[in-house]
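>>> I would like the atomic coordinates for the input below:
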Amino acid sequence: MTTEDTKKLIDYSVSFAEKLLTDYQEFYPFASTINLSGELVQVEYFDGDDHPLSQDLINKIQPILDQKIDSKEMRAYALTYDVRVKRDHLSDKTDAIAIKIKHRDLNDILVHYFAYRLTPQKTFEHLDSWTEIIT
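Numbers count the residues shown, from 1 in each chain. Purely as a prediction, here's the structure:
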């Protein structure tokens with residue numbers, strides 16, 4: 001069940017982020033969840049700020065999602081955001097879609113990175129991908 005939930009969250013998050021990047025060349029952090037029935041649900045959050053800082057938005061959404069996991073209102077969530085990141089000390093920084101996944105059946109938090117490049121024609125090009133485990 002955990003692998004299926006994670007796959008649903010990643011597939012949705014990458015697809016939605018790719019569409020936003022292709023259409024707007026940027027996106028605000030967004031979240032999705034897997035409810036108790038195993039269905040993917042988009043999370044809607046708006047606090048009145050039309051132009052929030054991405055980190056502020058993450059700081060507001062993540063505690064809400066954590067509380068819902070802790071109270072067993074859902075099985076898993078994905079928090080998706082745009083980052084500039086290095087895979088390791090030998091690599092250069094690259095743009096990447098980061099997807100932080102927390103599942104009620106796992107002790108660790110997984111952060112999946114999907115590096116990308118937007119071409120001059122504003123098309124999306126997938127590069128490298130990797131996962132980090134946060135214990």
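
>>> tell me, what residue is most central in the chain?
T80 (1.9 Å; C-alpha atoms, centre = their mean).

>>> and that residue, what is it in contact with?
S13, F16, A17, P29, F30, A31, S32, I97, A98, I99, K100 (C-beta atoms under 8 Å, 6 or more residues apart in numbering). Where C-beta positions appear, they are placed from N, C-alpha and C, glycine not excepted.

>>> what ranges of the protein fall below the confidence cut-off?
Low-confidence segments of the chain, defined by pLDDT under 70: 1.

>>> As a check, name the ranges of all helices in it.
2-24, 54-70 (DSSP state H).

>>> do you know which of the ones you listed lies nearest F124?
helix 2-24 (5.0 Å; C-beta to C-beta).

>>> before we move on, the earlier item: kindly reformat the helices of the chain as JSON lines containing distance to E132.
Formatted as JSON lines, those follow (distance: least, C-beta to C-beta, whole Å):
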{"stretch": "helix 2-24", "distance to E132": "14"}
{"stretch": "helix 54-70", "distance to E132": "16"}
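
>>> between those, which one is nearest to S37?
Closest among the helices of the chain, using C-beta to C-beta: helix 2-24, at 11.4 Å.

>>> can you give me the offset of that closest one from its chain's centre?
Here helix 2-24 is found 8 Å from its chain centre; the criterion is C-alpha atoms, centre = their mean, to the nearest Å.
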